[in-house]
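> how would this look folded up:
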Amino acid sequence: MEGENASNKVIELMNEIASISDYRPPVKKQYCNLARRLKLLIPMFEEIRDMNKDALPDNTSNAVLAFKEALESAMELLRFGSEGSKLYLVLERDEIMNKFYKVTAQLEQSLGGISYDKLDISDEVKEQVELVLAQFRRAKGRVDEPDVRLYEDMLSVYNNSSDAATDPSVLSQLAEKLKLMGIADLTQESLALHEMVASSGGDPGARIEKMSMLLKKIKDFVQIENLVKDDNLGGKGIFSKVYGLGTNEKSHQAPVIPDDFRCPISLELMKDPVIVSTGQTYERTCIEKWLQAGHGTCPKTQQTLTSTVLTPNYVLRSLIAQWCEANGIEPPKRPSGSQPSKSASAYSPAEQSKIGSLLQKLISVSPEDQRSAAGEIRLLAKRNADNRVAIAEAGAIPLLVSLLSVPDSRTQEHAVTALLNLSIYENNKGSIVSSGAVPGIVHVLKKGSMEARENAAATLFSLSVIDENKVTIGSLGAIPPLVTLLSEGSQRGKKDAATALFNLCIYQGNKGKAVRAGVIPTLMRLLTEPSGGMVDEALAILAILASHPEGKVTIRASEAVPVLVEFIGNGSPRNKENAAAVLVHLCSGDQQYLAQAQELGVMGPLLELAQNGTDRGKRKAGQLLERMSRLVEQQQEVPTQTETQAQNEDTEPPLITNPDDS
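Here you go, the predicted structure:
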């Protein structure tokens, strides 16, 4: 009976696999092949199911059970390959493919244990099984080459510290390869990431945070591209096609609201879309009323809600705003009482009591209580926007600030990381700075553990997104310890320091501070490191500092021209662009550096950059080529000193033929 049940389950699983319509681009080839091979085995298991179970050898019954277990693992893998995050499938390709080859080996081993040659099944079915076994063996021994370029492009976009520094052509390739070109694709990817957050218990970790940031950059690029195409094509672009807007529509006609932008309950354009545990999106006020009425199911799917947590759908909200702007409609404003998260007063007494008790521990005389409370707040603030608002409104920020200077290094680390997580919510950034947090963060940046220093640098970057905070942070001594971390930190520490310095140096008044803190020699050293892991960041910061008089002088003194010429010739598109930008500033007002670059053979790479570089790279290359053209003309027009001397020697005697004659 157990063998019969196993056969039925195998057939059921195989039919489910056969019903999967498609797989994500990063794994499409391998997963389609696996699904096709499994489909070929259905006839054999149907014949096994219909046999007299007493006629089945024991080893075959056991092998069928083992195959069922392997097939369940394959089903989970294939389901994620069809519905999971495309970004995850690329970033974690090694882990994904290791699972794939492990499952393939399990399937091959268990299938090989079935004595199909001794069973009363047709020759045609036996031939199919032999074919599948041979294919499994080949697949088990072959490792497909990953799309290295796709992976590197994703890391490049993630590591860029500003949207302005991101190469649009790279974003275009990513969106196209991953098939994230429209609203439906972007929303589906957002929901896939939401599912991963939900399955992680609300604590997604760095990987999912990285993917969320990547998705935001791709989404912003796609929306801008669609709008540009829409304008260029007179209303016939992608944006118009997606929303059904044609050139024959009258200007006074209201555009049709896309169904994805309407709340399934009210059918109105959503102002504050939120995701429930089933993955469906609703207007916040509508779903809150539904829940308050005592309903425990999803209105659209009727599935039981496993949680009442409402997660803001930031991707969809941004898409709605873009659509409104494209159609001349004022983007809907969320009600003042409906922030991205609920206020502390909207929390249940139990939730408020939990936060209140943690705050009491923060002011305890017990170092153990302070440490544990700061650690719990750190985790709570990491989980979601609701927690960030409630913790801040409860008055935690000043208490956390006071812990930045305590002797216990672990407490310091928890406190600064809690502030980092709280700063993710925009309204908290100003509150943190106004609470006097910067001196304490700088103290941790100087004296804390390496992890605390890294998180302190990340906190300063987050806070400096607001322009006035750039001034405050720079004036309170943050830049020198950031330069120190950039020099001596771990790889992650260097990147955190670089992103903070980049953001701070956007403000002109901080550029001189960074130069005087010794950042340029550190950046030059990073450019020539064998690992090359910080090249992108170093060139981006140099491009900012080169526009400052002190920065230009220091870069010139560091013998940077040969390094810059090398990157213009052999760097990535973004590195070529930034290296050219630095060289433009160095050559401004001093032809010595222009001539040096010319002697080093920069002309050819500049011509290539002017033709095929990024838009900014083309502009910088054009400026350099124009200056070099003038330099060549001057060299041709003005005789050299040697030539002049030769002419004089031929026509005039020397003025002094003997020193004694004078």
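> Break down this protein into its strands, ranges please.
273-275, 281-283, 311-312 (DSSP state E).
> got the contact list for I11?
Shown in contact with I11 (CB atoms under 8 Å, 6 or more residues apart in numbering): 42, 45-46, 49. For glycine as for every other residue, the C-beta is placed from the backbone atoms N, C-alpha and C.
> Out of the residues you listed, which comes closest to N15?
I42 (7.4 Å; CB to CB).
> Can you tell me which residue is spatially central in this protein?
L214 (2.8 Å; CA atoms, centre = their mean).
> and that one, how far is that from S85?
10 Å (CB to CB, to the nearest Å).
> Just to check, the residue nearest to the centre of the chain is in contact with L155?
No: counting by CB atoms under 8 Å, L155 is not a contact partner of L214; they are 9.4 Å apart.
> could you redo the strands of the chain as CSV and give each row mean pLDDT, mean neighbour count and distance to I466?
Listed next are the strands of the chain as CSV, based on pLDDT from 0 to 100; neighbours: other CB atoms under 10 Å; distance: least, CB to CB, whole Å:
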stretch, mean pLDDT, mean neighbour count, distance to I466
strand 273-275, 84, 24, 26
strand 281-283, 88, 25, 29
strand 311-312, 72, 20, 21
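> wait, which of those strands is closest to P407?
Comparing the strands of the chain by CB to CB, strand 311-312 comes nearest, at 38.6 Å.
> centre of the chain versus the closest one, how much separation?
Offset of strand 311-312 from its chain centre (CA atoms, centre = their mean, to the nearest Å): 19 Å.
> helices or strands next to it in the packing?
Here strand 311-312 touches strand 273-275, going by 3 or more CB pairs under 8 Å, 6 or more residues apart in numbering; DSSP states H and E.
> follow-up on the earlier one: wait, what's in contact with the residue nearest to the centre of the chain?
So L214 contacts 87, 154, 157-158 (CB under 8 Å, 6+ apart).
> Closest to T281 out of those residues?
L87 (19.6 Å).
> Roughly how far does that closest one sit from G81?
14 Å.
> Of these two, give the one with the bigger neighbour count.
Legend: neighbour count by other CB atoms under 10 Å for L87 and G81, higher for L87 (27 against 23).
> related to what we said a few turns ago, now distance to D615 too, for the strands of the chain, in JSON lines please.
Shown next, in JSON lines, are these (distance: least, CB to CB, whole Å):
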{"stretch": "strand 273-275", "distance to D615": "34"}
{"stretch": "strand 281-283", "distance to D615": "36"}
{"stretch": "strand 311-312", "distance to D615": "34"}
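> out of these, which comes closest to C324?
Nearest of the strands of the chain (CB to CB): strand 273-275, 13.4 Å.
> Direction included, what does that closest one pair against?
Partners of strand 273-275 in the sheet, by DSSP bridges, are strand 281-283 (antiparallel), strand 311-312 (antiparallel).
> Now distance to S462 too, for those, in TSV please.
Formatted as TSV, the strands paired with strand 273-275 follow (distance: least, CB to CB, whole Å):
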stretch	distance to S462
strand 281-283	27
strand 311-312	18
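> if we can go back for a sec, just the buried ones from the contacts of L214?
87, 154, 157 (16 or more other CB atoms under 10 Å).
> out of the residues you listed, who's nearest F100?
Using CB to CB, the buried ones among the contacts of L214 come closest to F100 at L87, 17.8 Å.
> Verify the contact between the closest one and M211 for me.
Yes: applying CB under 8 Å, one finds L87 in contact with M211, separated by 4.3 Å.
> Which residues are in contact with each of these two?
With CB under 8 Å, 6+ apart as the test, L87 and M211 both reach L193.
> Relative to A581, tell me which of the strands of the chain wins on proximity.
So among these, strand 311-312 is nearest, using CB to CB, at 37.4 Å.
> picking that back up, mind checking which of the contacts of L214 land in helices?
87, 154, 157-158 (DSSP state H).
> burial count for the closest residue to G474 other than its chain neighbours?
Nearest non-adjacent residue to G474, counting by CB to CB, 6 or more residues apart in numbering: N510, 3.9 Å away. Neighbours of N510 under the rule other CB under 10 Å: 25.
> what residues are up against N510?
Per CB under 8 Å, 6+ apart, neighbours of N510: 470-471, 474, 479, 504.
> P480 and A321, how far apart?
P480 sits 40 Å away from A321, going by CB to CB.
> about what we covered before: between the strands of the chain, which one is closest to L600.
strand 311-312 (52.3 Å).
> Need the distance between the two termini of stretch 534-553.
23 Å (CA to CA, to the nearest Å).
> got the buried residues for it?
For stretch 534-553, using 16+ other CB under 10 Å, the buried residues are 534-548, 551-552.
> Check stretch 557-571 too.
For stretch 557-571, by 16+ other CB under 10 Å, it's 558, 560-561, 563-569, 571.
> contacting residues around it?
So stretch 557-571 is in contact with 520-521, 524, 527-528, 535, 539, 542, 575-576, 578-580, 582-583, 586, 593, 596-597, 600-602, 604-606, 609, going by CB under 8 Å, 6+ apart.
> So what's the residue count around I479?
26.
> In the stretch 51-200 of the chain, where is pLDDT below threshold?
Applying pLDDT under 70 to the stretch 51-200 of the chain flags residues 52-55, 140-147, 160-166, 183-184, 194-195, 197-200.
> Which among the contacts of stretch 557-571 count as buried?
520, 524, 527, 535, 539, 542, 575-576, 578-580, 582-583, 586, 593, 596-597, 600, 602, 605-606, 609.
> sorry, back to before: compile the contacts of N510 into JSON lines and extend it with columns for pLDDT and distance to L13.
As requested, the contacts of N510 are exported to JSON lines (pLDDT from 0 to 100; distance: CB to CB, whole Å):
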{"residue": "K470", "pLDDT": "89", "distance to L13": "57"}
{"residue": "V471", "pLDDT": "90", "distance to L13": "62"}
{"residue": "G474", "pLDDT": "92", "distance to L13": "60"}
{"residue": "I479", "pLDDT": "95", "distance to L13": "59"}
{"residue": "L504", "pLDDT": "92", "distance to L13": "56"}
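> need the helices for the stretch 251-400 of the chain, in chain order.
284-292, 314-326, 349-362, 367-383, 385-393, 396-402 (DSSP state H, counting those that start in this stretch).
> quick check: angle from the second one to helix 385-393?
For the pair helix 314-326 and helix 385-393, the angle between their directions (axes from the mean of the first three to the mean of the last three CA atoms, to 10 degrees) equals 90 degrees.
> Next, the buried residues of helix 314-326.
For helix 314-326, by 16+ other CB under 10 Å, it's 314-320, 322-324, 326.
> Throw these into JSON lines and include pLDDT, thanks.
Formatted as JSON lines, the buried residues of helix 314-326 follow (pLDDT from 0 to 100):
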{"residue": "Y314", "pLDDT": "66"}
{"residue": "V315", "pLDDT": "62"}
{"residue": "L316", "pLDDT": "75"}
{"residue": "R317", "pLDDT": "79"}
{"residue": "S318", "pLDDT": "70"}
{"residue": "L319", "pLDDT": "77"}
{"residue": "I320", "pLDDT": "84"}
{"residue": "Q322", "pLDDT": "74"}
{"residue": "W323", "pLDDT": "81"}
{"residue": "C324", "pLDDT": "82"}
{"residue": "A326", "pLDDT": "75"}
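> from these, which is closest to G493?
Y314 (28.6 Å).
> Domain ranges for this structure, per the record?
1-139, 148-227, 259-327 (the TED database).
> rewinding a little: pLDDT score for the residue nearest to the centre of the chain?
Confidence at L214, expressed as pLDDT, is 81.
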